[in-house]
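*Asks:* Generate a structure from the sequence data that follows.
(chains A and B)
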Amino acid sequence: MSAVSGAPALELVGVSKRYGGVAANRDISLSVARGEIHAIVGENGAGKSTLMSILGGLVRADSGAILIDGREARINSPRDAAALGVGMTRQHFQLVDTMSALDNILLGDEGGALLARGRARLRAKLSGIADETGLAIDLDARAGDLPLGARQRVEILKALARGARVLIFDEPTAVLTPDEASGLFRLMKSLAGKGASILFITHKLGEALGVADRVSVLRAGERVATFDAKGLSAETLAEAMVGQRPPPRAEKPSSAPGEILVEARGMRLRGADGRALLDDVSLSLRAGEIVGVAGVAGNGQSELLEVLAGLRRPNSGTLRVAGLDIDFTRFTPAAARALGVAHIPEDRLKQGVVAGFRADHNAMLGRQREARFGGRWLNPAAITRHCADLMARWDVRPASPGLAISSFSGGNQQKLVFAREIETDPRVLLVGQPTRGVDISAIDAIHRRLTALRGAGKAILLVSAELDEILALSDRALVMRGGRIVGERAPGAANARRDIGLMMAGAAEAAA
Amino acid sequence: MTMDQAYSWLSATLRLSTPLIFACFAGLWSERAGVVDVGLEGKMLAGAFAGAAAASLTGDVRLGLLAAVAASLALSFAQAWAEIERGGDQIVCGMAVNMIGAGLTAFAGAALFGEGGRTPALTAGERVTPVVAGLDALTLAAFAAAALSAFALARTKLGLRVNAAGENPGALDAAGGSVRATRHIAVAIGGALCGLAGADLSLAQAAGFLPGMSAGKGFIALAALVFAKWRPGACLATCLLFGGLDAVAIRLPDAVVPGVGAVPVQALQALPYLLTVALLAGFVGRARPPAAAGQPYRRE
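*Replies:* All right, here's what the predicted structure looks like:
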């Protein structure tokens, strides 16, 4: 394929993609020149991943065109993408752990029925690439034994070995140590210096500013701005990313926070790989207040909820709930519930409901032993009546207790989960992503309920990936990054949105 | 043990191991590609019946072998369609194959030959007979199949893709390979090998088909696959071990163990299963199946 002279290496023209009623990408146009590093930044759900999937051939756009070297390209599969010289490094590496690094690179482009020749040729090619770019790894190591940074280099080598001239990096530093990340940036610059075009998806503004030549901002599926990185300030970028709208405030009467119901001190939690998931987290939660926890997904918010709900035991730290010191060895979800802690889990379908069960069975989950459901032998009529009652009070539609929960919309599922958890009049409410996958009218209803519960003196911890939601509902907003609470802002304060955005992105630790 | 006894035990071991080796490597291909196959038994029976019926009707053992492979392949195609194309539960589909194999062969046998499901006794020209040192062509072919499979899985493009399909099909897909095609090929290879396992039962070990003659050998092969931790060399060794135990069991009267008393032969015959359970319980190392075994692949 000969290049049309002067044409950008990669150009998107009016790319749109809808999922059901939601526009994931709306009329996105942008171009990446030869040798350019082009960063794409945006919040969770801004449409970055959809765009990547379209370029990688995993998802087909509804409309719009992709031009490579000025020629329209049809990318219907990963194979097409590779043939067109588009290589992708995914957020979750696609490697076969049991195979050597070399075989992982070989897979899909073996060069003949027997591997011996292909392996030898690939080794030679990779040593050429290593000489040129300095990108070298232990080719005979099992991929599963390599550290994350090296696994990522296997993916990059895979793209380069197939002659990729356009490289797409999807959140490449999410799993890397700072050292590995700076090594990756040097590599990206060196590849661009040799003529490769790089599309770099990130939500870390500092990275985008440090590495890219240009930065495009996605918000709600649209490209809202493209800047030259030179001279661009993080503040400008953060504002473009989160928007300048005034925080939408739900009707919220002022309330005087009461006694402290939850007090956590110095909580630490390490993952199976030794990484710190919670790092010295302390917080307190009073009756009659909503404390929001903002942060990019995967920075410890989920773990915080799980520890407080009794689902995970921290490695160290202390917790007091309603004035009682918690012994973590005996702090189960049932124990938490007995103390008046209700939990609305982040992942509704995995932890909130049993998808295959009827609505009425879901509505009594966790309370099935109670006498009102019949005690030893379940009483179907009582179970159905109970659900019908909750449905009426929470306006769940359709009001059909016998229907499988999976037949309800996300919003109605969530209302039923709320109804179930709040029914027993808990004192503390742990809420994860209350409006994820929920339609707009239900979002409004859930927000009003949360505000009412605050007014009724409940202590509410609200974890959400939606900054708007946190700003609208919280009395205080904490920001988590890398398992730490890196700052706190009152949503009403001047520049709260911008400051929180900067803290989430790690661009302004000092500002905390 | 005299030389003669040792020789006869060894040759019995090789003969009795033959169907296990075929079936075990059939399972190996399928499971390394991520498709769990509990239907080995049913496909063996289909192969055994079709082989004996065709040999008896045509008088030609070669047509018998061909029919055995074809019948087993036909079942494996149906299984692959349900499991790979339709995403059906692999355990359920495998059990369905076992039931179809057991039922259809007995039914067809009764309908065709009217001898309670048996095929007529096969004559010399209709059977697989020894070629060298008392070993028949199928036994030799079993070892060849084992060696070829080991080579193919380690050193060919097909083997690389099969392993990727079983460990991380997403990686194969992202690399531009077809998970579907790879799994279909692996399951078909397994189908052909199962057919040969069945042919060995009815054309070499016996002179004709008996309903239910596989007698659990498909499951012993599956146990061997687990016991061998899905590694080709270990698969061959395990099949020989299990075959050897069978050869001892056939020859021995109830052994008398001092202090315990008479040990029935059945105890020996249960050993393959007991060993496998011990392995699964973690007493003999750890068996890790291919990471994606049993999971239908769907792109996210």
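*Asks:* The residue nearest to B:Ile84 when sequence neighbours are not counted: what's it in contact with?
*Replies:* Nearest residue to B:Ile84, sequence neighbours excluded (CB to CB, 6 or more residues apart in numbering or on different chains): B:Arg183, at 5.1 Å. The C-beta positions use only the backbone N, C-alpha and C, and glycine is treated the same way. By CB atoms under 8 Å, 6 or more residues apart in numbering or on different chains, the contact set of B:Arg183 is B:Ala33, B:Gly34, B:Val35, B:Ala80, B:Ile84, B:Ala165, B:Tyr297.
*Asks:* And for A:Lys415?
*Replies:* Taking CB under 8 Å, 6+ apart, we find A:Lys415 in contact with A:Trp394, A:Asp395, A:Val396, A:Ala442, A:Ala445, A:Ile446.
*Asks:* pretty sure the second one contacts A:Asp444?
*Replies:* No. Under the criterion of CB atoms under 8 Å, A:Asp395 makes no contact with A:Asp444, lying 11.5 Å away.
*Asks:* Flag every buried residue along the longest helix along chain A.
*Replies:* Counting by DSSP state H, the longest helix found in chain A is helix A:115-133. Across helix A:115-133, burial judged by 16 or more other CB atoms under 10 Å in any protein chain shown covers A:Leu115, A:Gly118, A:Arg119, A:Leu122, A:Lys125, A:Leu126, A:Ile129, A:Thr133.
*Asks:* Please apply the same query to stretch B:56-75.
*Replies:* Buried-residue list, stretch B:56-75, by 16+ other CB under 10 Å: B:56-57, B:61, B:64-73, B:75.
*Asks:* Among the contacts of A:Lys415, find the lowest-pLDDT one for me.
*Replies:* Among the contacts of A:Lys415, A:Ala442 carries the weakest pLDDT, at 78.
*Asks:* Can you work out which residues contact both of A:Asp395 and A:Asp444?
*Replies:* Counting by CB under 8 Å, 6+ apart, A:Asp395 and A:Asp444 have no contacts in common.
*Asks:* just to revisit the earlier point, determine which two of the buried residues of helix A:115-133 are furthest apart.
*Replies:* Taking CB to CB as the measure, the buried residues of helix A:115-133 span a maximum distance of 25.0 Å, between A:Leu115 and A:Thr133.
*Asks:* Show the pLDDT at the residue in chain A positioned nearest to chain B.
*Replies:* For chain A and chain B, the shortest gap (CB to the nearest CB) falls at A:Gly108, measuring 2.9 Å. Here the pLDDT value assigned to A:Gly108 is 88.
*Asks:* Equivalent analysis for B:Val248, please.
*Replies:* With respect to pLDDT, B:Val248 scores 80.
*Asks:* Lowest average confidence across helices and strands of the chain, where is it?
*Replies:* All of this is about chain A. helix A:234-242 (a mean of 80; mean pLDDT, DSSP states H and E).
*Asks:* looking at chain B here, not the other one
*Replies:* Here the helix or strand of chain B ranked lowest by mean pLDDT, DSSP H and E is strand B:255-257, holding a mean of 64.
*Asks:* next helix or strand past the least confident helix or strand of chain A?
*Replies:* Tracing the chain C-terminally past helix A:234-242 and defining elements by DSSP states H and E, one meets strand A:260-270 next.
*Asks:* buried stuff in that following strand?
*Replies:* A:Ile260, A:Leu261, A:Val262, A:Glu263, A:Ala264, A:Met267, A:Arg268, A:Leu269.
*Asks:* Off-centre distance for stretch A:188-195?
*Replies:* 29 Å (CA atoms, centre = their mean, to the nearest Å).
*Asks:* What average pLDDT does it get?
*Replies:* What stretch A:188-195 shows for mean pLDDT is 90.
*Asks:* The residue of the stretch 101-250 of chain B found nearest chain A - how many residues pack around it?
*Replies:* Relative to chain A, the nearest point of the stretch 101-250 of chain B is B:Ala175 (2.9 Å; CB to the nearest CB). If you count neighbours by other CB atoms under 10 Å in any protein chain shown, B:Ala175 ends up with 24.
*Asks:* now the helices for the stretch 151-300 of chain B?
*Replies:* Taking DSSP state H, counting those that start in this stretch, the helices of the stretch 151-300 of chain B run over residues B:157-167, B:169-174, B:179-199, B:217-227, B:232-251, B:265-269, B:271-280.
*Asks:* Can you add distance to B:Thr139 and give the ones you listed back as a markdown table?
*Replies:* Compiled in a markdown table, these are given as follows (distance: least, CB to CB, whole Å):
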| stretch | distance to B:Thr139 |
| --- | --- |
| helix B:157-167 | 24 |
| helix B:169-174 | 35 |
| helix B:179-199 | 11 |
| helix B:217-227 | 15 |
| helix B:232-251 | 10 |
| helix B:265-269 | 21 |
| helix B:271-280 | 19 |
